[in-house]
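# Mind looking at a prediction? Sequence and model below.
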Amino acid sequence: MGRPPTRASGVKALQAIKESSGVGRTKKVSVNSENPSCQPVGVKRSSSPGSIVLPSAKRNALGDVTNAGVRVSVPASKPAGVRKSDRQQSLKKTKEISKTVKLEPDLDVSLEALQTSTLPKDTPVTQVQNFLKATTLHDLSLQSEETLSSPEASSQEPPTQLWRDIDQAEAKDPLFSAQYAPYIYAYMRQREEHFAVAPYMERQGDIHAQMRTILVDWLIEVQENFELFHETLYLAVKIVDLYLSKKDVKREYLQLVGATSMLLAAKFEELTPPLVDDFLYLCDDAYTHDELLKMEQDIFKTVHYDINIPVAYRFLRRLAKAAEATMETHTLARYISESTLQDYQFVVEKPSMVAAASMYLALRMKSLGGWNPTLQHYSGYTVEQMLPFVTRLNTLIQTPLGNTCTVRSKYSHDVFFNVATTPALQDVTMDAEKALAECPTVVESS
């Protein structure tokens, strides 16, 4: 094999391109290798240079205010002109500054510290960055040994926390968003005040509380048949109450209000909500497609297009985690909480209170201890605050409901551990005293 051809220079390659194009050339041009300027012999030099030269930028009237033309070079090894003694002296000065600097969280390293230091002018950028890192005021390692070993620092011990952090186990799992959970539930506590419902049945002329009970009983059947989320059922009942508290409804349109509220709630909560025709079928085609859509617009407008409403079921899940409740105990609390949906007297109650009282009653019905500090912290209620409400709940699950017993029948199934058959408390007050004796340590309500 012969010797591989050497790569032509950039000027020769450019000249070859010009020869092949033939533009502006009528004479064959030969390049003299002995010509140091690489200019063709016998040919007049073209106005364009033989090599590519970037044009100089037009001078700005205000001067060059950018650093586009500044080239910063960071040497890989120690820079020339910096002696070893200078670098040692600079490092010694850096340590002295880091020891004498006062640790205050609101201050930062000023430029004067850099200007007054003995860093050489030719110090690389990396060494300057290391200098800034060494003199940062937020690093606890810069504190002197005397400060760290002072009696004041050692005497400051964290306060004893009586409640257990239930989000600590999922702190490193991004799917749980554990760091946001306390703020989310605090925000829900604020939102529930905005959606408080006042007693409205006295202003309704054509419907009464028993009709509302029948409607909610039917909505529970719809939720069970469509296998919708429990949050959808709670939200639908809340939308019905909000609408009835602001609008007078005739009894022949009460079922339409319930079906449309369930449709709105399903659109908000479900991944695949039921169709409009499905709800019309459940209503035995008593209403038309246009009537349901018109009612949907009216309800949505009445609630000011805001259906992000906190419901008791969401608070209940949080408390079940705080109580470390089994699935059976959690289901019993769900049964108690869901029973309040049918009773008109509970429409004015806060969802957080309903969830807390339901969990407390479920724990006591199962004889699983008292209201510990962790439950009190995450619920925000003490036993004394919940006791009147717990008494009402205990009476509710003991009262026969007649034909509107869908909730009780639902939770009497084996799938739900037959929790509806769990005996209620005999005396809530006496049981509360016993519970306080079992769990005497309480904390302030947060």
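Cool, got the structure. Nothing here was measured: the structure is a model prediction, and the numbers come from that model. Numbering: from 1, shown residues only.

# my read: Gln376 touches Trp163, true?
Yes: using CB atoms under 8 Å, Gln376 is in contact with Trp163, at 7.4 Å. (Each C-beta comes from the backbone N, C-alpha and C, glycine too.)

# higher neighbour count, these two?
Relative neighbour count places Gln376 above the other of Gln376 and Trp163, with 26 against 15, counting by other CB atoms under 10 Å.

# what sits up against the helix or strand hosting Glu384?
When secondary structure is defined using DSSP states H and E, the element that contains Glu384 is helix 383-396. Taking contacts as CB atoms under 8 Å, 6 or more residues apart in numbering, the residues outside helix 383-396 that touch it are 336, 339-340, 343, 345, 349, 353-354, 356-358, 360-361, 370-371, 376, 424-425, 428-429, 432, 435-436, 442, 445.

# Got the domain ranges for the protein?
9-41, 182-302, 312-438 (automatic domain parsing).

# Give me the neighbour count for Asn418.
Around Asn418 there are 14 residues (other CB under 10 Å).

# no no, Leu280
Counted with other CB under 10 Å, residues neighbouring Leu280 total 18.

# host element of it?
Per DSSP H and E, Leu280 falls inside helix 276-282.

# per-stretch mean pLDDT over the domains of the chain, give me the minimum one.
Comparing mean pLDDT across these, the weakest is domain 9-41, with a mean of 48.

# Among the contacts of helix 383-396, which lie within helices?
If you go by DSSP state H, those have 336, 339, 353-354, 356-358, 360-361, 376, 428-429, 432, 435-436 in helices.

# Put the buried members of the contacts of helix 383-396 into a PyMOL selection.
To isolate in PyMOL the members of those that are buried, counting by 16 or more other CB atoms under 10 Å, one can use:
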select buried, resi 336+339+340+343+349+353+354+356+357+358+360+361+370+371+376+425+428+432+435+442
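
# so Asp165, which of the three states?
Judged by DSSP: H, G, I helix; E, B strand; the rest coil, the three-state class of Asp165 is coil.

# what about it, neighbour count?
12.

# for the one 10 residues further on, same thing?
Leu175 has 6 neighbours, counted by other CB under 10 Å.

# What distance do you get for it to Leu361?
To Leu361, Leu175 is 32 Å away according to CB to CB, to the nearest Å.

# before we move on, what about Thr395?
Applying CB to CB, one obtains 11 Å for the distance of Thr395 from Leu361.

# Then Phe389?
Per CB to CB, Phe389 is found 9 Å from Leu361.

# Give the full set of residues in contact with Ile207.
Applying CB under 8 Å, 6+ apart, we find Ile207 in contact with 201, 244, 249-251, 254.

# do that again at 10 Å, thanks
If you count contacts by CB atoms under 10 Å, 6 or more residues apart in numbering, Ile207 has them with 201, 215, 244, 248-251, 253-254, 257.

# gap between it and Ile214?
Noted for Ile207: a distance of 10 Å to Ile214, by CB to CB.

# any common contacting residues for these two?
Jointly contacting Ile207 and Ile214 under the rule CB under 10 Å, 6+ apart are Leu254.

# Where do the strands of this protein begin and end?
Listed from the start of the chain, the chain has no strands (DSSP state E) to report.

# Just give the number of residues close to Thr326.
By other CB under 10 Å, 13 other residues sit near Thr326.
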